[in-house]
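Asker: let's see this in three dimensions:
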Amino acid sequence: MPAAEVQLEVQPVPKDNSCLFAACAWLSREFDGDTADPDWDMSASAAALRSACAEEIRADPKYAEAHFDGKTKEQYAAWIERKESWGGEPEILLLADALRLELAIVQVAAGAPLVYAPAGGSVRTHGSEPTRCDPQRIAHGRGVPSL
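Answerer: As a prediction, the model looks like this:
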């Protein structure tokens with residue numbers, strides 16, 4: 001059976017090493033329907049999410065030192081707060097939990113998404129339906145993918 005064709009909507013985000021945080025800020029804003037605010041600042045919202053990840057790492061005892069590439073929790077939290085530091089899998093997991101959204105990360109070359117659900121499976125809902133990742137929305141900071 002041939003694979004279904006998918007049309008993607010591309011939402012550019014700044015190419016400033018904060019693209020993960022900016023994409024999640026944009027997705028959360030879209031989900032909340034808060035798109036009419038003319039003063040919304042994607043970079044400020046991304047910085048707030050970056051800081052929230054750092055604070056969660058510092059505060060939550062479930063994050064063991066071993067998860068952070070040989071850094072202590074404090075060193076890693078300070079590192080991720082720097083805007084030139086790229087977010088990775090620890091931050092994706094933290095953002096899925098904090099935003100209560102299922103996040104799908106797609107490597108264009110591989111073509112298959114990695115889906116991260118909030119811990120415990122508690123996702124935000126519209127009405128009574130759980131919100132699932134929409135594979136037709138993509139936010140990125142590296143030019144338009146060739147799919």
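
Asker: low-confidence ranges, this protein, go.
Answerer: Along the chain, the model assigns pLDDT under 70 to residues 1-8, 64-67, 111, 120-147.

Asker: which residue is nearest the middle of it?
Answerer: Cys24 (4.0 Å; CA atoms, centre = their mean).

Asker: that one looks like it's in a helix, true?
Answerer: Yes. Assigned with DSSP: H, G, I helix; E, B strand; the rest coil, Cys24 falls within a helix.

Asker: got a list of what the nearest residue to it once chain neighbours are set aside touches?
Answerer: In this structure, Cys24 finds its nearest non-sequential neighbour in Leu95, 4.8 Å apart by CB to CB, 6 or more residues apart in numbering. All C-beta atoms are positioned from the backbone trio N, CA, C, and that covers glycine. The contact partners of Leu95, taken as CB atoms under 8 Å, 6 or more residues apart in numbering, are 20-21, 24, 49, 53, 87, 101, 103.

Asker: quick check: the gap between the residue nearest to the centre of the chain and Pro61.
Answerer: 24 Å (CB to CB, to the nearest Å).
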